[in-house]
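*Asks:* sequence-free structure coming up:
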């Protein structure tokens, strides 16, 4: 199906939250304040039993949802525990956020774009193995699918994955070697063949044909959008569905988009950073915040900004707002993240071979 942005932008209006946001946003290179020998220090110590602080580290496109979710959780915690909670927020690319946490960014909760990124933090010894089973839905809090953004009116007639191989179609997608989002794009292309009865040789041939039509390969999804919209490069941009919807709500685009009926479930996991919460004594509130992200209240906020909800109640509420997918598969259908990384994206793996044949 082809969807017009102006129509899509209206499908779920975002309500204005009346709750005061008790949260602080900072970048990955911002240091937490340190107080020594001051009145402020004594005040903080005296209020320690009345206030708790945790840090959420997540990827950029979730900010619109968390701006509504965090105040709801803060209010709930205050009602139930009589305690003030401050949630510090850090937003950025999923890969760079992962490296920042491993390098010392004091995250209590991580909600990243790839299970592979969370696994890297686990392997660094900060998250205990088995974190996937510590929360509902295998710790997946959001879903999306891959969409194909086109120029207004879709002049190239892009309707299916196969249309990406047509002569003269110019494609923009980020580089899977540097972009987590682009890995989802690549896997969606591969699965378009293998999940429809094709073999891996056919999949390789198809993906090679698609990448012959790629005119620019930016390092991340944000640069891809800039190349397509600001620099007017390409006829079609491979992107997350939720990014398309959010951009439309914010009035940033006027293009149409297509959601292929065979698609991959883009799954965003959440996890408590065990080593940090145990060190800081913040496990209780961190686990409660993670649990809250699966509630209908939180899931509705994710849905409003274009994510496909994982809560069954909210899924039913918004099921007619999203294009139907006839064949939806997951990264586990392709062997899981460890196998996928080794097979497709490691140095010398399939993507590198495709790139060498393009030159």
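*Replies:* Done, it's in. Please read all numbers here as calculations on a predicted model, not as lab measurements. Residues are numbered from 1 along each chain as shown.

*Asks:* show me the strands in the stretch 201-350 of the chain, by range?
*Replies:* Using DSSP state E, counting those that start in this stretch, the strands of the stretch 201-350 of the chain run over 214-216, 236-240, 256-258, 262-264, 266-272, 327-329.

*Asks:* any idea of the mean pLDDT for the second one?
*Replies:* The one in question is strand 236-240. Rounded to a whole number, the mean pLDDT of strand 236-240 is 94.

*Asks:* now do the fourth one
*Replies:* In this model, strand 262-264 has an average pLDDT of 97.

*Asks:* that one: how far from the chain's middle?
*Replies:* Chain-centre distance of strand 262-264: 16 Å, with Cα atoms, centre = their mean, to the nearest Å.

*Asks:* residue 104 is nearest to which of the strands of the stretch 201-350 of the chain?
*Replies:* Of all those, it is strand 266-272 that lies closest to residue 104, at 17.3 Å by Cβ to Cβ. C-beta: built from backbone N, CA, C; applies to glycine.

*Asks:* so how far is the closest one off the chain centroid?
*Replies:* Relative to the chain's own centre, strand 266-272 is displaced by 8 Å; criterion: Cα atoms, centre = their mean.

*Asks:* quick one on the thing from earlier: now the strands of the stretch 201-350 of the chain as JSON lines including distance to residue 55 and mean neighbour count?
*Replies:* Converted to JSON lines, those look like this (distance: least, Cβ to Cβ, whole Å; neighbours: other Cβ atoms under 10 Å):
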{"stretch": "strand 214-216", "distance to residue 55": "35", "mean neighbour count": "16"}
{"stretch": "strand 236-240", "distance to residue 55": "25", "mean neighbour count": "25"}
{"stretch": "strand 256-258", "distance to residue 55": "34", "mean neighbour count": "23"}
{"stretch": "strand 262-264", "distance to residue 55": "30", "mean neighbour count": "23"}
{"stretch": "strand 266-272", "distance to residue 55": "12", "mean neighbour count": "25"}
{"stretch": "strand 327-329", "distance to residue 55": "33", "mean neighbour count": "16"}
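
*Asks:* of all the ones you listed, which lies closest to residue 355?
*Replies:* Closest to residue 355 of those is strand 214-216 (Cβ to Cβ; 9.8 Å).

*Asks:* quick one: neighbours of the residue nearest to residue 166 when sequence neighbours are not counted, just the number.
*Replies:* Counting by Cβ to Cβ, 6 or more residues apart in numbering, residue 166 lies nearest to residue 156, which is 7.3 Å off, once chain neighbours are set aside. By other Cβ atoms under 10 Å, the residues close to residue 156 number 16.

*Asks:* try residue 339
*Replies:* There are 12 residues near residue 339, going by other Cβ under 10 Å.

*Asks:* quick check: pLDDT value at it.
*Replies:* What the model reports as pLDDT for residue 339 is 95.

*Asks:* and the residue nearest to residue 166, which of the three is it?
*Replies:* Here residue 156 is recorded as coil under DSSP: H, G, I helix; E, B strand; the rest coil.

*Asks:* tell me the pLDDT of it.
*Replies:* Note for residue 156: predicted pLDDT of 95.

*Asks:* any idea how far it is from residue 225?
*Replies:* The gap separating residue 156 from residue 225 is 18 Å, by Cβ to Cβ, to the nearest Å.

*Asks:* kindly report the same for residue 354.
*Replies:* For residue 354, the distance to residue 225 - Cβ to Cβ - is 23 Å.

*Asks:* again with residue 297
*Replies:* According to Cβ to Cβ, residue 297 stands 30 Å off from residue 225.

*Asks:* cool, and residue 346?
*Replies:* Taking Cβ to Cβ as the measure, residue 346 falls 27 Å from residue 225.

*Asks:* same thing with residue 103?
*Replies:* Using Cβ to Cβ, residue 103 is found at 27 Å from residue 225.

*Asks:* and the two? which has more neighbours close in?
*Replies:* Neighbours were counted for residue 103 and for residue 225 using other Cβ under 10 Å; residue 225 has more, 21 against 9.

*Asks:* so which other helices or strands are in contact with the helix or strand where residue 189 lies?
*Replies:* Element membership of residue 189 [criterion: DSSP states H and E] is helix 180-194. In terms of contacts (3 or more Cβ pairs under 8 Å, 6 or more residues apart in numbering; DSSP states H and E), helix 180-194 is packed against helix 94-102, helix 115-123, strand 146-150, helix 200-212, helix 221-225, strand 236-240, strand 262-264.
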